[in-house]
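In: What follows is a predicted protein model with its sequence.
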Amino acid sequence: MRPRILLVTASLDGHARELAAAFEARGAVVVASGLCDVGFDTGARHGLTFPGFGEALPDAVCLRTMDGGSFEAVTRRLSLLHALERLGVLVSNGARAVENCVDKAMTSFLLAGAGLPSPRSFAVESRREAERILAAERRPLVLKPLFGAQGKGLKLVGSVDDLPPAEAIAGSVYYLQRYIGHSSDGRFSDYRVLVSRGRAVAAMRREAACWITNIKQGARACPIEPDPALEALAVAATAAVGGDFCGVDILKDAAGLPQVLEVNSMPAWTGLKKASGLDIAGVRAADLLATLAARRASTPAPDPATPAFA
């Protein structure tokens, strides 16, 4: 029987189309949908309904991107992922990994708890406490939105005077991370390592004219030679957040020592694909299907016809 994949994506962009084609090329049936179109229905066979599946369960869920929305909407969508996992469906990345990565404070907490090198980070809701931290640190800190991506909303703050007005702080949460960046010949760089199924599959160096090195902010994707130290660190960081397909951002400090900045549970790969020449969508599809096959071999799959609420 052909595996049925629910491809969760906020839009049918190029990445989603690549993934759908990669799964189909490997014999899977793919239904692409946003989580906003998946519903809870306690009267349904499994308590959930899906476009293209009705009351049946998919064999696996491949999470590409989640729709934005209100706190209530996002909570409901994460609950859908939790519910699918409780029903025995393979979800990649799972809800807990997404929560661990979306919340930068939790990412930093988990990295530190795992003993992995990462810049010291703080997350507080009091402006007075944020000011105290800045005064005590006596060094530049990066102020980041707690929930943010693609280098948006970052600000380098060296003193209390650099803090934006309180009303400009997203959610009134001050997430501050020590700035360890340095430039060479007026340029800045860091590394993105892509981890899939417990191994590093691709990596690149991102070069930029400023300290914000995201591709979406104009950085250039450059190929690099294999670096076992970077790869091992990225694999460990992915394990620390409970992910199985993650993009790990790593920066080398002034002493040349790598430190993990962030872990992304819904990574894009335009720059990485260009730098590495790798068919990343193909890797993603093959690895998820291999995980599904291994699961089926060790544990019987849930029967789509069997009610969850007996």
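Out: Thanks, I have the structure now.

In: From what I see, residue 195 and residue 230 are in contact.
Out: No - between residue 195 and residue 230 there is no contact under Cβ atoms under 8 Å: 10.9 Å. The C-beta positions use only the backbone N, C-alpha and C, and glycine is treated the same way.

In: When the two are compared, which one has more neighbours?
Out: A direct count of neighbours by other Cβ atoms under 10 Å for residue 195 and residue 230 places residue 195 higher, at 25 against 20.

In: Assumed the more buried one was part of a strand.
Out: Yes - under DSSP: H, G, I helix; E, B strand; the rest coil, residue 195 falls within a strand.

In: Begin at 58, not 1, for the rest of this chat.
Out: Yep, numbering from 58; the last one is residue 252 now.

In: which stretches of the stretch 58-207 of the chain form strands?
Out: Ranges of strands in the stretch 58-207 of the chain, per DSSP state E, counting those that start in this stretch, are 61-65, 86-90, 96-97, 105-106, 117-120, 147-149, 178-181, 198-201.

In: What pairs with the fifth one, parallel or antiparallel?
Out: The reference is to strand 117-120. Here strand 117-120 is paired, per DSSP bridges, with strand 61-65 (parallel), strand 147-149 (parallel).

In: One more: the last one?
Out: On the basis of DSSP bridges, the sheet neighbours of strand 198-201 come out as strand 212-214 (antiparallel), strand 231-235 (antiparallel).

In: Buried deepest among these, which one?
Out: Mean neighbour count (mean count of other Cβ atoms under 10 Å) peaks for strand 231-235 among these, with a mean of 22.

In: Run through who's touching that one.
Out: The contact list for strand 231-235, computed with Cβ atoms under 8 Å, 6 or more residues apart in numbering, reads 161-162, 165, 176-184, 186-187, 190-191, 194, 196-203, 214, 220, 318.

In: Filter those down to the buried ones, ChimeraX style.
Out: Only the buried entries of those go into this ChimeraX selection, using 16 or more other Cβ atoms under 10 Å:
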select :161,162,165,176,178,179,180,181,187,190,191,194,197,198,199,200,201,202,203,214,220,318
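
In: Go ahead and confirm residue 115 touches residue 108.
Out: No - when contacts are counted by Cβ under 8 Å, residue 115 is not listed as touching residue 108 (10.8 Å).

In: Neighbour count for those two, which is higher?
Out: More crowded of residue 115 and residue 108, by other Cβ under 10 Å: residue 115, with 25 against 13.

In: so what's the more buried one closest to, chain neighbours aside?
Out: Leaving out its chain neighbours, the residue that sits closest to residue 115 by Cβ to Cβ, 6 or more residues apart in numbering is residue 63, at 3.9 Å.

In: now the one you found, which residues is it bridged with?
Out: Bridge pairing for residue 63 - DSSP bridges - gives residue 88, residue 118.

In: distance of it from residue 95?
Out: Going from residue 63 to residue 95 by Cβ to Cβ, to the nearest Å gives 8 Å.

In: Overlap of the contact sets of those two?
Out: In contact with both residue 63 and residue 95: residue 107, using Cβ under 8 Å, 6+ apart.

In: out of these two, which sits in the more crowded spot?
Out: Comparing residue 63 with residue 95 by neighbour count (other Cβ under 10 Å), the higher total belongs to residue 63, at 26 against 21.

In: Which pLDDT value belongs to the residue positioned nearest the centre of the chain?
Out: Centroid check for the chain by Cα atoms, centre = their mean gives residue 322 as the closest residue, at 1.6 Å. Looking at residue 322, its pLDDT stands at 96.

In: what residues does stretch 331-346 touch?
Out: Contact with stretch 331-346 is made by 60, 62, 72, 75-76, 78-80, 82-83, 85, 117, 119, 147, 149, 251, 253-254, 258-262, 278-281, 301-302, 326, 329-330, as judged by Cβ under 8 Å, 6+ apart.

In: Of these, select the buried ones using a PyMOL command.
Out: What follows is the PyMOL syntax selecting those of the contacts of stretch 331-346 that are buried according to 16+ other Cβ under 10 Å:
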select buried, resi 60+62+72+75+76+79+80+83+85+117+119+147+149+251+253+254+258+259+260+261+262+278+301+302+326+329+330
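
In: Using the record's domain definitions, break this protein down for me.
Out: Under the assignment automatic domain parsing, the domains of the chain span 61-149+343-355, 178-235, 243-325.

In: Nearest approach to residue 172 belongs to which of those?
Out: Nearest of the domains of the chain to residue 172, taken as Cβ to Cβ: domain 243-325 at 8.9 Å.

In: What is the distance between that closest one and the centre of its chain?
Out: Distance of domain 243-325 from its chain centroid, counting by Cα atoms, centre = their mean, to the nearest Å, is 12 Å.

In: now stretch 67-77
Out: Mean C-alpha position of stretch 67-77 versus that of the full chain (Cα atoms, centre = their mean) differs by 16 Å.

In: Done for today, thanks.
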